[in-house]
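In: can't give you the sequence, but here's the structure:
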């Protein structure tokens, strides 16, 4: 059975790298916030009521970051 702790351990390196993604515990699960600008506050937040949902959301954000990093490497300056 998947636990929140396992998911957070799996994405520990990603969460340390991506300053725009924050995870907070709540009474109902974990809240994942994707923040564009610290001054502007969260622009997207998702309540993850199961470890599986938390894993799904973090995997999507991690994949988006990887795709972005690849795209800027391929962009000529």
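Out: Okay, I see it. Everything quoted here is computed from the prediction, not taken from an experiment.
In: make it CA atoms for all contacts and neighbour counts henceforth
Out: Fine.
In: Please enumerate the helices of this protein.
Out: 4-10, 12-17, 51-74 (DSSP state H).
In: can you redo these as TSV with mean pLDDT and mean neighbour count?
Out: Formatted as TSV, the helices of the chain follow (pLDDT from 0 to 100; neighbours: other C-alpha atoms under 10 Å):
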stretch	mean pLDDT	mean neighbour count
helix 4-10	98	14
helix 12-17	95	13
helix 51-74	90	14
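In: List just the one of those that sits closest to residue 25.
Out: Smallest distance to residue 25 across those (C-alpha to C-alpha): 9.8 Å, for helix 4-10.
In: can you list contacts of the closest one?
Out: In this structure, residues lying in contact with helix 4-10 by C-alpha atoms under 8 Å, 6 or more residues apart in numbering are 50-51, 54-55.
In: now swap in stretch 25-45 and tell me
Out: Stretch 25-45 has contacts (C-alpha under 8 Å, 6+ apart) with 20-24, 46-50, 54, 57-58.
In: what's the most distant pair in the residues you listed?
Out: Within the contacts of stretch 25-45, 20 and 50 form the most distant pair, 22.0 Å apart (C-alpha to C-alpha).
In: Save the helices of the chain as TSV, and put in distance to residue 36 too.
Out: Conversion of these to TSV gives the following (distance: least, C-alpha to C-alpha, whole Å):
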stretch	distance to residue 36
helix 4-10	21
helix 12-17	15
helix 51-74	13
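In: Please name the spatially closest residue to residue 61 (chain neighbours excluded).
Out: residue 21 (8.0 Å; C-alpha to C-alpha, 6 or more residues apart in numbering).
In: Quickly list what that neighbour is bridged to.
Out: Note on residue 21: beta-bridge partners by DSSP bridges are residue 34.
In: same thing with the one 4 residues further on?
Out: When bridges are assigned using DSSP bridges, the partners listed for residue 25 are residue 30.
In: where's it relative to residue 11, distance?
Out: 15 Å (C-alpha to C-alpha, to the nearest Å).
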